[in-house]
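A.B. asks: here's a sequence, model it:
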Amino acid sequence: MDALPLIALVAVSAAVAGAARRTPVPAPLVLVAVGLVAGFSPGVPTYQLDAHVVLPLLLPPLLHTAALDSSYLDLRANIRPVALLSVGYTLFATVAVGWLAYRIIPDLPLTAALVLGAVVAPPDAVTAAAIARRVGLPARVTTILQGESLVNDATAITAFRVALAAAVGEGMSWGAGIGEFLLAAIGGVGVGLLLMVPLHWLRTHLKEALLQNTLSLLIPFVAYAAAERVHASGVLAVVVVALYLGHRSWQVDFATRLQEAAVWKMVAFILESTVFALIGLQLPFVLKELGPFGVQEAIGYAAAVFVAVVVVRFVWVYPATYLPRWLSRRVREREPGTDWTAPLIVGWAGMRGVVSLAVAFSIPLVTHDGEPFPARSLVLFLTFTTVIGTLVIQGLTLPVLVRVLKLPRPDPQTVTLIEAQAQSEASEAAEARLRELLDDPHNSLPPPLADRLRSVLERRRNAVWERLGAADPVTGESADDTYRRLSREMIEAEREVFVRLRDERRIDDEMMRTLLRRLDLEEAAAYRETDGS
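C.D. replies: Numbering: from 1, shown residues only. Prediction:
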């Protein structure tokens with residue numbers, strides 16, 4: 001197997017994503033556009049999505065990193081709207097879009113239409129996270145969208161399996177379909193609950209950061225495979241485990257956390273870039289398999305399905321937002337009120353992604369009777385156009401919509417004040433603990449070292465408060481910025497000396513690397529003191 005095309009795909013995708021960060025256009029849209037052009041360019045290798053690769057190999061790490069970055073407490077506080085979207089809306093969209101497609105497209109069987117509905121039902125986790133980060137949505141809206149996208153793939157994939165069984169002639173009854181759905185949901189959550197505690201225990205008892213992060217990379221694949229092995233939802237198993245590990249990440253040592261954050265940030269960047277490029281590269285395969293349907297006819301159906309997908313989401317989102325508040329005083333008391341803008345944003349932020357395409361490509365060519373799967377080529381085309389349409393139209397206009405609506409954003413001064421108060425409380429506790437330790441004769445330190453501990457603590461306490469102060473009238477820098485700049489200049493001077501000593505053969509490379517790593521850690525510490533990162 002030639003690995004060069006795969007390496008080229010990853011390298012070019014990463015380069016395009018990096019360049020897109022310098023533009024006002026979200027990187028996913030640039031990657032999709034480049035993929036569309038590249039798909040018809042001479043000399044570009046063929047890259048066809050395979051559900052047997054995307055679902056077990058690409059989806060688990062993408063879900064894992066999205067769940068790690070999510071807040072378990074925020075999701076729990078918004079469990080009702082998240083459940084209504086991730087389960088209720090996904091099932092509603094499967095039936096509603098499927099029925100509308102059945103009515104719009106002649107000779108499309110209802111079972112095949114429901115397969116299409118299940119395929120295009122779930123908004124994509126990767127897309128939702130990428131767009132939400134870029135446009136700066138309000139915190140609660142972001143939490144709801146991320147929570148929906150973490151769970152809805154499990155609902156859609158199960159609904160797809162039920163609809164597909166009926167379409168290929170397996171005789172799936174309503175009772176059997178509901179039973180399979182419950183098995184997938186309860187089983188996936190159950191597997192996640194069984195795995196999360198032992199995996200966290202193992203993470204906290206491994207003594208080397210390298211081993212801990214190797215385990216971290218394996219965890220999403222282990223959770224997904226274990227759940228799928230018992231015919232449960234691998235998606236839910238991955239999400240449950242990742243939420244638990246993210247919630248308890250503070251119990252892992254600092255070296256592991258630093259390394260893990262860097263590793264998963266790189267993995268997510270590579271996979272997200274590659275996935276969006278792959279979406280655009282699928283157009284040649286979709287057109288090639290369009291078969292007896294004319295392109296003009298298929299485009300008409302595509303426009304109708306796209307409109308149906310967009311409208312159906314709003315048909316669900318607005319009643320799901322207001323009806324529970326109207327019907328339940330408890331909901332009104334527990335959840336903050338909302339105006340019409342929040343459901344508008346949630347309704348418009350329904351971009352589809354790679355999971356829909358991968359699942360569509362897994363539709364078999366023939367049924368159990370040996371007959372061709374009805375309108376398979378058209379289902380693939382409609383899935384592709386829906387994914388592209390939502391990414392381009394909704395993805396491009398969502399930032400504009402957010403700006404027009406002037407949604408409230410957190411006040412930086414207020415956020416900094418809260419951070420400063422929290423740091424002040426923590427510093428007081430640390431100072432009290434330091435006094436206790438220094439009073440113990442077993443912990444005696446020379447006065448300069450004891451003073452150094454106090455000065456580091458005082459610097460950490462004051463750093464956040466200083467961010468609230470005015471900038472230097474001469475340089476325009478805050479005290480934080482000046483402190484960071486001077487620290488870097490000092491460290492850079494030391495770094496140049498170490499390199500010079502290595503070049504003069506007065507120290508060897510191994511010693512230079514040791515000394516440079518120490519400087520790197522000191523530089524990182526300077527940034528943590530002032531930047532809070």
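A.B. asks: okay, now the unreliable bits of the stretch 1-150 of the chain?
C.D. replies: With pLDDT under 70 as the threshold, the stretch 1-150 of the chain has low-confidence stretches at 1-2, 125-134.
A.B. asks: can you give me the separation between T385 and L63?
C.D. replies: 25 Å (Cβ to Cβ, to the nearest Å). C-beta here means a position set from N, CA and C on the backbone, and glycine is covered the same way.
A.B. asks: which of these two has more neighbours?
C.D. replies: L63 (29 against 20; other Cβ atoms under 10 Å).
A.B. asks: and the host helix or strand of that one, what does it pack onto?
C.D. replies: Using DSSP states H and E, L63 sits within helix 59-68. With contacts defined as 3 or more Cβ pairs under 8 Å, 6 or more residues apart in numbering; DSSP states H and E, helix 59-68 has these neighbours: helix 125-135, helix 139-167, helix 209-229, helix 234-247, helix 254-281.
A.B. asks: repeat that with 10 Å
C.D. replies: With contacts taken as 3 or more Cβ pairs under 10 Å, 6 or more residues apart in numbering; DSSP states H and E, helix 59-68 sits against helix 125-135, helix 139-167, helix 209-229, helix 234-247, helix 254-281, helix 354-361.
A.B. asks: which of these has the lowest average pLDDT?
C.D. replies: Of all the helices and strands packed on helix 59-68, the minimum mean pLDDT falls on helix 125-135 (a mean of 66).
A.B. asks: re earlier: got the helices and strands packed on helix 59-68 as TSV, with distance to G300 and mean neighbour count columns?
C.D. replies: Listed next are the helices and strands packed on helix 59-68 as TSV, based on distance: least, Cβ to Cβ, whole Å; neighbours: other Cβ atoms under 10 Å:
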stretch	distance to G300	mean neighbour count
helix 125-135	26	23
helix 139-167	23	24
helix 209-229	38	18
helix 234-247	34	26
helix 254-281	22	19
helix 354-361	19	26
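A.B. asks: can you give me the buried ones in whichever helix or strand comes after the helix holding L63?
C.D. replies: Following helix 59-68 in sequence order, the next helix or strand is helix 72-77 (DSSP H and E). Across helix 72-77, burial judged by 16 or more other Cβ atoms under 10 Å covers 74-75.
A.B. asks: what packs against helix 72-77?
C.D. replies: helix 79-83, helix 139-167, helix 234-247.
A.B. asks: and if we set it to 6 Å?
C.D. replies: Using 3 or more Cβ pairs under 6 Å, 6 or more residues apart in numbering; DSSP states H and E as the contact test, no helix or strand touches helix 72-77.
A.B. asks: and for that helix, what's in contact with it?
C.D. replies: Helix 72-77 has contacts (Cβ atoms under 6 Å, 6 or more residues apart in numbering) with 143, 147, 243, 247.
A.B. asks: so what's the second one up against?
C.D. replies: By Cβ under 6 Å, 6+ apart, the contact set of G147 is 75, 82.
A.B. asks: and it, how far is that from V82?
C.D. replies: Taken as Cβ to Cβ, the span from G147 to V82 is 4 Å.
A.B. asks: hey, C-alpha coordinates of stretch 267-278 in PDB?
C.D. replies: Output of stretch 267-278 as PDB, limited to C-alpha atoms (Å, rounded to 0.1, in the frame of the first residue of the first chain):
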ATOM      1  CA  VAL A 267      -4.300  15.300  16.900                       C
ATOM      2  CA  ALA A 268      -7.500  17.300  16.700                       C
ATOM      3  CA  PHE A 269      -6.000  19.800  14.300                       C
ATOM      4  CA  ILE A 270      -4.700  17.100  12.000                       C
ATOM      5  CA  LEU A 271      -7.900  15.000  12.000                       C
ATOM      6  CA  GLU A 272     -10.200  18.000  11.700                       C
ATOM      7  CA  SER A 273      -8.200  19.400   8.700                       C
ATOM      8  CA  THR A 274      -8.100  16.100   7.000                       C
ATOM      9  CA  VAL A 275     -11.800  15.300   7.600                       C
ATOM     10  CA  PHE A 276     -13.000  18.600   6.000                       C
ATOM     11  CA  ALA A 277     -10.700  18.200   3.000                       C
ATOM     12  CA  LEU A 278     -12.100  14.700   2.600                       C
END
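A.B. asks: quick one: distance of it to the chain centre.
C.D. replies: 11 Å (Cα atoms, centre = their mean, to the nearest Å).
A.B. asks: tell me the angle the helix holding L63 makes with helix 139-167.
C.D. replies: 150 degrees (axes from the mean of the first three to the mean of the last three Cα atoms, to 10 degrees).
A.B. asks: secondary structure element for V197?
C.D. replies: Per DSSP H and E: V197 is located in helix 174-205.
A.B. asks: list the buried ones in that helix?
C.D. replies: In helix 174-205, counting by 16+ other Cβ under 10 Å, buried: 177, 180-181, 183-185, 187-192, 194-196, 199-200, 203.
A.B. asks: by contact count, what packs against it?
C.D. replies: Against helix 174-205 (3+ Cβ pairs under 6 Å, 6+ apart) you get helix 139-167, helix 209-229, helix 234-247.
A.B. asks: what is the mean pLDDT for it?
C.D. replies: For helix 174-205, the mean confidence score works out to 89.
A.B. asks: cool, stretch 524-533 as well?
C.D. replies: pLDDT averaged over stretch 524-533 gives 57.
A.B. asks: tell me how many other residues crowd R22.
C.D. replies: 6.
A.B. asks: and V120, by the same measure?
C.D. replies: 31.
A.B. asks: next one: the one 4 residues further on
C.D. replies: A count of nearby residues for D124, using other Cβ under 10 Å, gives 28.
A.B. asks: neighbours of the closest residue to it other than its chain neighbours, just the number please.
C.D. replies: Excluding the flanking residues, the one nearest D124 by Cβ to Cβ, 6 or more residues apart in numbering is G353, at 2.6 Å. For G353, the neighbour count with other Cβ under 10 Å is 27.
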